[in-house]
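Colleague: Quick one, what's the 3D model for this:
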Amino acid sequence: MITVLAGGVGAARLLVGLARAVPPERVTAVVNTGDDTVLHGLHVSPDLDTVTYTLAGAVNPSTGWGLDGESFVAMDALDRYGGLTWFRLGDRDLATHLYRAGRLADGATLSTVTREIADAWGVVPRLLPMSDDPVRTRIELASGDEVEFQEYFVKLRHAVAVRSVRFDGAAVAAPAPGVIDALRDAALVVVAPSNPVVSVGPILSVPGIAAALVARRDRVVAISPIVAGAALKGPADRLLSELGGEASVVGVARVLRDVAGTLVIDEADRELAPEVEAAGMRCVVTTTVMRTAEISRGLALDVLRVGGLA
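Modeller: As a prediction, this is how the structure comes out:
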């Protein structure tokens, strides 16, 4: 089994590659839920949905999230009433959130509902939320205001300076059923090229998860989401800098070196490989920018080779 710590678009693309490189039933994803929020009374799980839609071949290819060919009639109608529409939920996507909210209200766990939604989309890799308990990423802005993650990321377009990040509820949360076993029993654990602060960070904040990785650090391979000093998508580069780190593969290494023994970086950063190794991680250089599904598969195979599995 290959277990992937996953958050967002980069992780979803890597999972597509892994599902093409090995039998997809051998792949398990532990997915960030720190981005989850409640909108219009509905429980929205952006990272879980992005991973599900991508693996199902139904994601919007131009954005990497949402459904392809989506319409927004409900949001346009809601705008008439002055409702909250800065977070645009597509009409078919709304069905996912309606179903999830209803099942959770009936007493089902997020793990159970995630499995049901994945099955409905024909997704073969196993998807696990990091926790069935609520853990929410909270962002303290440089202004001193604290906002929930989606307000920072979507409403403010992550264009404001950040002072700190915390994961509300993490201290009393438990890993979702199957998560620790998936980390302990995997032939290889992969930290996807996701934002190390707000995608990987929430997963590691759940008690027991980081310790499980530290215990087998030599079998954990991380992929840098930073290429040539910039994030391919989102604010990872700025968050690293604003929180006192370095917006580079070396900065990523310093964040992840306690839980991962190897960092995979892009050819564009080859000259920084010695610094990554000086930071305490083995460094592997390859193509990491997943412009196509075939490149994603190639990256997956490179990662498997690191672990002696290909």
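
Colleague: Sketch out the strands for the stretch 201-310 of the chain, chain order is fine.
Modeller: 220-223, 226-227, 230-231, 262-266, 282-286 (DSSP state E, counting those that start in this stretch).

Colleague: Switch the ones you listed over to JSON lines; also include distance to Ala6 and mean pLDDT.
Modeller: Every residue, glycine included, has its C-beta placed from N, CA and C. Below are these laid out as JSON lines (distance: least, CB to CB, whole Å; pLDDT from 0 to 100):
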{"stretch": "strand 220-223", "distance to Ala6": "11", "mean pLDDT": "98"}
{"stretch": "strand 226-227", "distance to Ala6": "17", "mean pLDDT": "96"}
{"stretch": "strand 230-231", "distance to Ala6": "16", "mean pLDDT": "92"}
{"stretch": "strand 262-266", "distance to Ala6": "15", "mean pLDDT": "98"}
{"stretch": "strand 282-286", "distance to Ala6": "19", "mean pLDDT": "97"}
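
Colleague: any chance of these in CSV, with distance to Thr114 and mean neighbour count too?
Modeller: CSV is the format used below for those (distance: least, CB to CB, whole Å; neighbours: other CB atoms under 10 Å):
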stretch, distance to Thr114, mean neighbour count
strand 220-223, 23, 26
strand 226-227, 29, 23
strand 230-231, 27, 16
strand 262-266, 27, 25
strand 282-286, 31, 18
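
Colleague: Indicate which one of those strands is closest to Asp68.
Modeller: strand 230-231 (23.9 Å; CB to CB).

Colleague: could I get the strands of the stretch 201-310 of the chain as TSV with distance to Thr96?
Modeller: Formatted as TSV, those follow (distance: least, CB to CB, whole Å):
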stretch	distance to Thr96
strand 220-223	27
strand 226-227	31
strand 230-231	27
strand 262-266	32
strand 282-286	34
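
Colleague: ok, now which ones touch Leu272?
Modeller: By CB atoms under 8 Å, 6 or more residues apart in numbering, the contact list for Leu272 reads 248-250, 265.

Colleague: Distance of it relative to Pro225?
Modeller: 15 Å (CB to CB, to the nearest Å).

Colleague: And Val162, by the same measure?
Modeller: On the measure of CB to CB, Val162 and Pro225 end up 17 Å apart.

Colleague: what about those two, which has more around it?
Modeller: Pro225 (29 against 20; other CB atoms under 10 Å).

Colleague: Next up, the contacts around the residue lying closest to Pro134 once chain neighbours are set aside.
Modeller: Residue nearest to Pro134 in three dimensions, not counting chain neighbours: Gly169, with 5.0 Å by CB to CB, 6 or more residues apart in numbering. Gly169 makes contacts with 133-136, as judged by CB under 8 Å, 6+ apart.

Colleague: now do Val255
Modeller: Contacts of Val255 (CB under 8 Å, 6+ apart): 196-197, 240, 245.

Colleague: I'd like to check which residues are in contact with the nearest residue to Val162 once chain neighbours are set aside.
Modeller: Using CB to CB, 6+ apart and skipping the chain neighbours, the partner closest in space to Val162 is Glu242 (4.8 Å). If you count contacts by CB under 8 Å, 6+ apart, Glu242 has them with 142, 161-163.
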